[in-house]
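**Student:** quick one, structure for this:
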Amino acid sequence: MTQQYETRFESINSAELRCESELGQESRMIYGIAHRYGSISVPMRDAKGRTFREMFRPGAFAKSLAAGSDVRFLVNHDPNLILARNRSGTLRITDDSESLRFEAELPPTDLARHYATQVSRQDISGCSFRFVAIRDVWTAGPGGLTREVIEAEIDDISIVTYAAYQDTEAAARSLDAHVAAAAKAQQERDRRRAVEVDRRVRIRLALAKCK
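**Tutor:** Here you go, the predicted model:
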């Protein structure tokens, strides 16, 4: 099955984007936080109208990054607007217990200088990342359904102009699987309960015949 990518947006308060010029160098650096762990998302809605909230387990991307995921640093998730890349050494990503952080070394081009200026002035003030969930778990509580992404692969981090639509199609499929598994588990519990009730009835009838 084709991998289904999802995107999540972080506002400037979480992303903490900043741009700095390296001393004595023409290139600029953009530093930021793509995601901060320990927080739960605002309610999201999937294509079927079901609402849920989401959180990422600390280190969710660590395995993917250690395996050599090829991550690009883009503008608005546009592959034609690439500013850095981890495989080239110009994008450095750290996934620790607190957050998913990045440092992007921009090339000395007019395009890069343009977007560096936009970030410095906070004309561009958001950050978004694209990922594929490898493992997740769903729980139901007083506040509704919550999805925890345990492990994920990441392939791009972007500075973004607007808070993009949260692509929840893959989450919807994951929720469908969770609902189906829960229903199957309930059916099995009901079947076992019925078998146990039948067994007890047979025992009582057998005992009654012996009296």
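**Student:** find the nearest non-adjacent residue to Asn86, please.
**Tutor:** Val71 (4.7 Å; Cβ to Cβ, 6 or more residues apart in numbering). (Each C-beta comes from the backbone N, C-alpha and C, glycine too.)
**Student:** who's in contact with the one you found?
**Tutor:** The neighbours of Val71, taking Cβ atoms under 8 Å, 6 or more residues apart in numbering as the test, are Leu65, Arg85, Asn86, Leu91, Ile93, Ile154, Asp155, Asp156, Ile157.
**Student:** out of the residues you listed, list just those in helices.
**Tutor:** Leu65 (DSSP state H).
**Student:** by mean pLDDT, point me to the weakest helix or strand of the protein.
**Tutor:** Taking mean pLDDT, DSSP states H and E as the measure, the helix or strand of the chain with the lowest value is helix 12-15, at a mean of 48.
**Student:** point out where this structure drops to low pLDDT.
**Tutor:** Along the chain, segments meeting pLDDT under 70 span 1-3, 10-17, 21-27, 163-183, 185-186, 201, 206, 211.
**Student:** now the helices: where do they sit in it?
**Tutor:** Under DSSP H, the chain gives helices at 12-15, 62-66, 110-120, 169-210.
**Student:** list the contacts for Val119?
**Tutor:** So Val119 contacts Leu17, Arg18, Cys19, Ile30, Ser125, Ile159 (Cβ under 8 Å, 6+ apart).
**Student:** just the buried members of those residues?
**Tutor:** Among the contacts of Val119, those classed as buried by 16 or more other Cβ atoms under 10 Å are Leu17, Cys19, Ile30, Ser125, Ile159.
**Student:** the third one contacts Arg101, correct?
**Tutor:** No - applying Cβ atoms under 8 Å as the test, Ile30 and Arg101 come out as separate, 11.6 Å apart.
**Student:** report the buried residues of stretch 150-162.
**Tutor:** Glu151, Ala152, Glu153, Ile154, Asp156, Ile157, Ser158, Ile159, Val160.
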